[in-house]
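sharing a model prediction with you, sequence too.
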Amino acid sequence: MEGKAINDHLNLTISVSFLVKVVAMVGLVVGGWYQIQMGMTEMQRTVQDLHTEVTILNTKMAEMEREHLEELETHVELKETQLQHLEEENRSLMQRLGLKKP
């Protein structure tokens with residue numbers, strides 16, 4: 001059996017329906033790839049926006065915590081001062097009543 005040699009004069013026939021199917025498949029693959037790329041880009045944008053929002057909220061929360069700690073420290077100092085005044089007043093009242101020596 002002698003096969004035909006492949007050369008410049010080889011005729012190749014493709015049916016139109018096969019060509020349409022190939023073009024449709026290529027179109028579907030390219031369209032699907034494009035949809036996936038667009039979805040990934042949108043997800044990346046969303047993740048970046050969420051990261052920015054979390055960073056901003058984290059900064060705000062740290063500032064609020066710092067302010068709250070300052071308020072608590074001021075409140076504690078005020079209570080300590082009030083306690084000292086009450087202890088002094090109690091001591092002087094006990095001295096007036098003669099329950100405690102000066």
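All right, it came through fine. Keep in mind the model is a prediction, meaning the values are calculated, not measured.

pLDDT wise, what is the residue nearest to the spatial centre of the chain at?
In the chain, the residue lying closest to the centroid (CA atoms, centre = their mean) is H51, at 3.4 Å. The score at H51 is 98. That number is its pLDDT.

before we move on, what about V20?
Model confidence at V20, given as pLDDT, is 95.

before we move on, which element is it in?
helix 16-97 (DSSP states H and E).

that helix - contacts with which helices or strands?
Counting contacts by 3 or more CB pairs under 8 Å, 6 or more residues apart in numbering; DSSP states H and E, helix 16-97 packs against no other helix or strand. In short, each C-beta sits where N, CA and C put it, glycine included.

any idea how far it is from the chain center?
Centroid separation for helix 16-97 versus its chain: 8 Å, with CA atoms, centre = their mean, to the nearest Å.

ok, stretch 7-22 next?
Distance, stretch centre to chain centre, for stretch 7-22: 54 Å (CA atoms, centre = their mean).

tell me how far the ends of it are from each other?
25 Å (CA to CA, to the nearest Å).

for that stretch, buried residues please.
Of the residues in stretch 7-22, none count as buried by neighbour count, 16 or more other CB atoms under 10 Å.

check stretch 51-68 too.
Buried-residue list, stretch 51-68, by 16+ other CB under 10 Å: empty.
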